[in-house]
Each structure stands twice: as C-alpha cells, then as structure tokens.
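Asks: With the input below, show me the fold.
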Amino acid sequence: MGQQFKYDEKGATFLYFLLSVFVMVLIPISYFFWPKGYKDEEKRLNMLCRIHGQSKWYKKQQKTLQQKKYKPNFNKILIVLGWITFLVLVYKVSNVENDHVEYNPYEVLGIKETSTPQEIKKRYHALSKSTHPDKKGGNEEEFIRIAKAYKSLLDPETKENWKKYGNPDGPQAMQFGIALPKWIFESNNSFIVIGIYFLMFMILLPFVVGRWWYRTIRYSKEEVLLNTSQLFLYFLSKTTNMNLKRATMVFSAAFEFSHEHNSKMRSPTPKDNEELPELLRVLESNFNISENAKERPMNFPYSVKARILIYCHLTRMDTLSTQMTDDLDYVLTKSPLLIQEMINAVSQLTIMANYNKGQKPRLDTLENVMKMAPMMVQGLLQMKSPLLQLPYFNDDYVKYCYQSKKHSGVKNLRNLAALPDTDRRQMLRRMGDEAYDTMLMVLRNFPDIHLETRIHVIDDDETHIITAGAIVTVTLTMTRRSLGALHPSKNESSVAQAEIEAEVSGNDEQSEAGGEKTTTTQAASKSKPWEKQTKKKKKKKPAKLGKKQPPAAKKTQEKSKSDEVGDDEKKEEQQAMLNENNSDSEDAYSDEDSDPNNEKVVDEEEEEREWEAMQASFKKKEKAAFESIDKRTHTVYAPRYPLEKNEWWWVYIADRKNHSLLTAPVIICNLRDQQEVELKFPAPTKPGKYTYSIWCRSDSYLDCDRYKDIKLDVKDAKPVEEDHPQWQMSDEEDDDENMNSESEGISSEDESSQED
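Replies: A predicted model of the protein is given here:
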C-alpha cells in the first residue's frame, strides 16, 4: 500500500488553514493594540489639573491626549478590517462542499438496498444499454461506474472488499492532503514562490534577529548601555570618596548622551557651537559654575554639552532654544535609569570589597549619587533652600521665612507646614490669594515618612538575641503621610512648633534590638531654660512584698495624707488586713512561679505566636511574589520635569561611624500608604554595642529624607553542643537504620526477581 499526496484543487482545505492562522494572530493583536478609552485618562488629568496644571509633563500629556482623541486611529481601522476579513473567511468556509462521499453501489444503480439479484440484473442491463460507449449518446465513464457497482453487489469477492474497505477494488493507497493550492507548486509560478521565500527567510528574518541581537548585546536588562555601566564602575572604583560635583561629571559622561552610541540623541550642529559657549559664560558669571574637565570622556563634546544643559536645568535658566530644550528633556528622561545604575555600581563595588577584591566606596559617594535624583526632578541645586520646590516661591519669600523672628526661622518644609495658617499667611502676605492657595495645597501633599523597625535573627530558640556573625533581619515598616497632617490647632501651635524645631529629621526615634525600645534625643530630653524647674517629690518606698506587689498594697501607698489621719484602731485593722493580703499574695505568686505546668503553658503560647507570625510573613511574601507591582503611587510635583514622576524611595542600612554601607539599597516603588521591607546583614564578629542608621531617601523631593537609629547588643556566639542528644545514637539504632536504608534501596527489578 503506497502513499499519495493530494493538493487542494479547489482551495477548501487552504481556507481552513488560513482561518486558523488568522485567528491565532488577530486575537492577541486586538487585545494588545486596541486603543484604550480616553475617558479615564482625561478624568485623571482633570483631577491633577489644579496642582500640576503648569507642569511641563502635564502640558505634554494634555496635548498628546487631544491629538489621540481627534486624530484617526490607524490601529483601530486595521483591527476592524482584520475582523471583517475573518468574517468573510468564516462565510466562505461554511459554504465549502464536502468532496469526500462514501461509495454506495445502490445509489450508483439507483435502486433500493432491499432489491433482489434479479432486480439488480434488470436494472444493470437497462443502464448498460443506454450508457454503452459503442452506442450513440453513450458515456464510457458512466458505463464503467455502473459495471463496477453491479459487480460489487453480485460478485462475492468484490462485495466483500466493498463492505470491508469501502471500495470494491480493495485497500487503497494512503492519501495526504496538503492545505495549499496546487498553483503554488506549478512550474509557471516557481520564480514567484522562490522570491517570496527568499525575501522572508533570507532577508527579513535575519534582519529582525540581527537587530534584536545587536540591541541585546549593547544594553543591559535595565535599558542602560553596557559601555556606560563599565564607565560608572571604573570611575566609582577610582574615586571611592566622590563629591557631588564629581558625581555629576561622571553622570554626564554616560554614552546615552552621545549620538555615536545612541541614535536617539540629536547629532551636534554648527549652531550648538554658538549657543553652548554663551550658556557656559552665563553659568560662570551668574552662578560661579566653571567647566574644566580634563579626563576622558568627561572632556568630550557630548559630555560637556550634557553637563551644561544639566546646570542650566538646576539653575532654572529659561533661555534655551527649542533644540536644546529637547536635548535637555532627553537627558532628564534618562536620569532615573542612569542614577540607579550608578547606585548598583556602588553596591557591586561594596560587595566586591567585602571579599577583598577592591576598595570599598565610602557612604558619602552613595549619598551624593542619590542626591542627584531629586535635584534632576525638581531642577534645584543642593545648596538652595528646599522651600523653592513650592510653586510661586522665590528667593524673596525664602528670605522672609528665614528671617522670621516669631518662629525662629522657617528653613524647611516641615517648619512651614507646622505654622498656624494666620502666621503663615502673614509671613507670605505679598503672595496673592490664588497663588497662596495653590502653594498651600502643594505643601500639604508633600510626603512625610514614618519609620518603624523590628529586629530579629533566624534562630530556633531565641530570635531576639543577636550573636556575633548572625544574620540580622530588620523589618522596616514605612508609613506615608502628608505634611497636611502636621497642621496643629491654635492651642497646640506653639507646642508643635517647638517640637518640630527641636527635631532633626528622623533622628527622634531609636529602636533597640532586644526589647524594641525607643529613646528620645538629648535635645528633646533636656528641659527648656524658660520652663520651671520643679522638684520631684520623693515617693515612699513600698514594703517588700515579694516578686510582685499586690494591688491592695498599691492602693494603700497612693492614698493622700488626709486619708492617713484617723483612729489607731482603723490603722491597726488596715495593717492586719494588709499583712493577710500580702501573705496570701506571696503564697499565690510563689505557687505560680514554682508550678512547672505554668512555665510549659507560657512556652507553648510563645512558640505558637512565633509560628503564627512566621506563617503570616511567609504568606505575605508568597502573595507579594505572585502579584504584579503597580509602580503608580503619588504623582510628584515637578513643574520642570518632562515626564510624569511617581514617588520612589531608597532604603538601606549604613554605619555612619565607619562611613560604610551594610545593605544594598532597595528601591521602593509601590509605597502608597504603608509598605513593609526586610533588610538583612551580618552582625559584627566582635561582641559589643553598635549603632547603625536606617535611611529612607526620596528620589523626587529635597528635604524629605528620613532616618532612624537602631542599636544592636551583640553577644558571644553559643558554642556548638557536641554531646547533644540529637547526635547521640546507639549501635542498635545504627544497625536498624542501616537495615531500613538497605530495604528501601531495593529496586523494582530486584523485587520482580525476588517474586520470580
């Protein structure tokens, strides 16, 4: 039995093939490329209009939205045409006739299946006479069909073949259908088919794969050029203590700003040679910013241009041309990725230095790199007042705030937010009402981060005791509030102002590892000079009543002197009752302390609580791992930034005494109200008390960073118990375990052989 290949003569099979491929392509294209509705985006922008209406990014998004609304959408038109084509294909497929018909000799002869052999012969003779090819009007093909049907009904062998194989000739060759039209394989169309194959598989496919591969080998997964990453690693390892100016120079040397390495960057023009020197002259004369880079590639033209544009942005110069403004917008758009790459480079060098593979960068280097992020977003130099982040604020208003005698100078955002509204309005009386309302609304939306810590180690028995070399886990709970929550009432305004003036951002809380205690700063603990120094009354020492003092004794000691005056008989009665209560309480406490069952119950309860807490943390981590992170948190007020920016935060632990980094910075991009993050680091190898700082730095705002000190009391590591009962096994137990392992090690083949 051979094989036969049959092409689609009528194109019916090809339609099924085409319909299947069309559905596989059309459904995902419709899902991903169908234009989303503009109503939600328009509603969101309208809500942000009052605060961000004058921002650069808001105007761009508003313009883009208007263009999308009134511009014909070609994606929608193409998708609709695709679905119309799909419906046409479905209609054609539904009208395709079925070519495969089961062979039935009764139908060929035109008789019933219950016909007798005589009736079959009679019908055959009648049809053969009329269709015989020798007669006039005869049909040879029809005559052969009739003869074949007659034979399959009366001849036993032929009839058996028909019933068994469905064909009177017996088993036929296997046929394979090809869902392609036959004209594709005809010799006349061979050049067209070969040309299409050559175009698709020899030109288009290699071009697409080559372009993807070329981009893959040049960029990292963070969409940063690999040459830029190597550049950052080199200069950060070369300059371990990098100041802010040096960090800005290294940042401006990124190859993303060079047209030779990045085609998206505009190529230099002769007009740039006229405009850039003029901008540099204005920076030197007005802001004392000079340009004297001598190292490569910091002295390359593209790096000098990027640095000049950055300083123009930080000094808020609005005299740039349209082309220079576009170049500056591209530099600012790339700044978050490049700054994050510099932070990753610092973390990588720190890890390498811990293994004695290079010099460790100082903590100041990391912090100076992080300071560049809010500077780029806000368009403000580090030396300037953070109050200039507010709308309608200028140097005059900053001067009024600094020179405020009533409130001892308002120098940061928290001081300004804590002022009573009447005092703040009086201080900013030169500002118009509408401008003041907008400024106040922006001020109230600025973030205020509250940090809470919980320290523990992974241990079976004592998770709160930190031993030398143990892995310490700091669970940091970040709570995001707005500065509007700091507005005090009229009666509490003076108290709140005094507290905020005495508070250094984030330094008012210190958590202790053992009992999670917090202590206030020395400035807060000292009494003010103008406060009255009242002497504390000496409390009478209570009588020794055992380990715990009963409630009856406390009540008698807290009575006033007027209650103590009375008859001697009452005093004696009270003293007798007190002695009885004391004796009863001592007995009760001694019984409770000596009862071993109570200790077991307490231990079991503690273990149960620890187990439930651990299970809850595991479930929370598992849920967070499967959930997609929504990076849209709170929109940053950044009127000079070209893109909409959301609040992100860096969290890390540092040893400020040794200027070293303990944990790699973790970027928090989903902090809306509250977020929890775990930071792990090895405890010091020597016992003692250590003080570290947990920092939370903003990548969008100046003067919004917070930190919290933690204290570790490191103990000596416990020696390994060599004689632990777990490791002690008798010879009999060893023999039993060996026997069990041998019995478990029998394979299935051995078992089958044993059964045989």
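Asks: Do I have it right that Asn73 meets Pro35?
Replies: Yes: look at Asn73 against Pro35 with Cβ atoms under 8 Å: they come within range, at 5.2 Å. (C-beta placed from N, C-alpha, C; glycine too.)
Asks: phi, psi of Pro268?
Replies: phi -70, psi 150 (degrees, to the nearest 10).
Asks: Can you classify the residue in the chain sticking out farthest from the centre by secondary structure?
Replies: Distance from the C-alpha centroid of the chain, by Cα atoms, centre = their mean, peaks at Lys135 (88.3 Å). Going by DSSP: H, G, I helix; E, B strand; the rest coil, the secondary structure assigned to Lys135 is coil.
Asks: From Phe143, how far off is it?
Replies: 10 Å (Cβ to Cβ, to the nearest Å).
Asks: Equivalent analysis for Leu443, please.
Replies: 103 Å.
Asks: State the number of residues packed around the closest residue to Gly137 other than its chain neighbours.
Replies: Excluding the flanking residues, the one nearest Gly137 by Cβ to Cβ, 6 or more residues apart in numbering is Ser130, at 7.9 Å. Neighbour count for Ser130, taken as other Cβ atoms under 10 Å: 13.
Asks: Angles on the backbone of Ser130, please.
Replies: phi -80, psi -20.
Asks: My understanding was that Gln54 contacts Pro391; is that so?
Replies: Yes: with contact defined as Cβ under 8 Å, Gln54 counts as touching Pro391 (7.4 Å).
Asks: Common neighbours of these two, please.
Replies: Shared contacts of Gln54 and Pro391 (Cβ atoms under 8 Å, 6 or more residues apart in numbering): Pro639.
Asks: Could you report the neighbour count for Arg429?
Replies: As a burial measure, Arg429 scores 9 neighbours (other Cβ under 10 Å).
Asks: Roughly how far does it sit from Asp709?
Replies: For Arg429, the distance to Asp709 - Cβ to Cβ - is 40 Å.
Asks: same thing with Gly358?
Replies: Distance, Gly358 to Asp709, using Cβ to Cβ: 29 Å.
Asks: Where does pLDDT dip in the stretch 551-700 of the chain?
Replies: Along the stretch 551-700 of the chain, segments meeting pLDDT under 70 span 551-604, 606-607, 610, 613-615, 617-629.
Asks: ok, Arg672 to Thr635 distance?
Replies: 12 Å.
Asks: neighbour count winner among Leu443 and Phe143?
Replies: Applying other Cβ under 10 Å to Leu443 and Phe143 shows that Leu443 carries more neighbours, namely 23 against 19.
Asks: Just the pLDDT at the more buried one, thanks.
Replies: pLDDT recorded at Leu443 is 94.
Asks: Does it touch Gln389 like I think?
Replies: No: using Cβ under 8 Å, Leu443 makes no contact with Gln389, being 9.3 Å away.
Asks: Need the overlap of contacts for the two.
Replies: Leu413.
Asks: Run a quick neighbour tally on Ser303.
Replies: Ser303 has 23 nearby residues by other Cβ under 10 Å.
Asks: Can you show me the CA trace of the helix or strand where it lies as CSV?
Replies: Using DSSP states H and E, Ser303 falls within helix 301-314. The C-alpha trace of helix 301-314 is given here as CSV (Å, rounded to 0.1, in the frame of the first residue of the first chain):
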residue,chain,number,x,y,z
PRO,A,301,31.9,67.5,23.4
TYR,A,302,28.8,65.4,24.2
SER,A,303,29.7,65.2,27.9
VAL,A,304,30.4,68.9,28.1
LYS,A,305,27.1,69.6,26.4
ALA,A,306,25.1,67.3,28.7
ARG,A,307,26.8,68.9,31.8
ILE,A,308,26.0,72.5,30.6
LEU,A,309,22.3,71.5,30.0
ILE,A,310,22.1,69.9,33.4
TYR,A,311,23.4,73.0,35.2
CYS,A,312,21.0,75.2,33.2
HIS,A,313,18.2,73.0,34.4
LEU,A,314,19.5,73.1,38.1
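Asks: got the angle between the next helix or strand after it and helix 301-314?
Replies: The helix or strand immediately downstream of helix 301-314 is helix 322-354, counting by DSSP H and E. Orientation note: helix 322-354 sits at an angle of 100 degrees relative to helix 301-314 (axes from the mean of the first three to the mean of the last three Cα atoms, to 10 degrees).
Asks: mind checking the SS state of Pro684?
Replies: Relying on three-state DSSP, one would call Pro684 coil.
Asks: Contacts only, for it.
Replies: 468, 690, 712, 714.
Asks: Quick check: phi and psi on the last one?
Replies: Geometry field for Val714 lists phi and psi as phi -90, psi 130, criterion degrees, to the nearest 10.
Asks: what about it, neighbour count?
Replies: Val714: 21 neighbours (other Cβ under 10 Å).
Asks: Who does it form a beta bridge with?
Replies: On the basis of DSSP bridges, Val714 is bridged to Ile466, Gly688.
Asks: what about Val472, which helix or strand?
Replies: strand 471-482.
Asks: For that strand, give the mean pLDDT please.
Replies: Rounded mean pLDDT across strand 471-482 is 93.
Asks: CA-only coordinates of that strand, as CSV, when you get a sec.
Replies: Only the C-alpha atoms of strand 471-482 are listed here, as CSV (Å, rounded to 0.1, in the frame of the first residue of the first chain):
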residue,chain,number,x,y,z
ILE,A,471,22.3,37.2,60.0
VAL,A,472,20.2,40.1,61.3
THR,A,473,16.9,40.8,59.8
VAL,A,474,15.4,44.3,60.1
THR,A,475,11.8,44.5,59.2
LEU,A,476,11.1,48.1,58.3
THR,A,477,7.5,49.4,58.2
MET,A,478,7.2,52.6,56.1
THR,A,479,4.1,54.7,56.6
ARG,A,480,3.5,57.5,54.1
ARG,A,481,1.6,60.6,55.4
SER,A,482,1.3,64.0,54.0
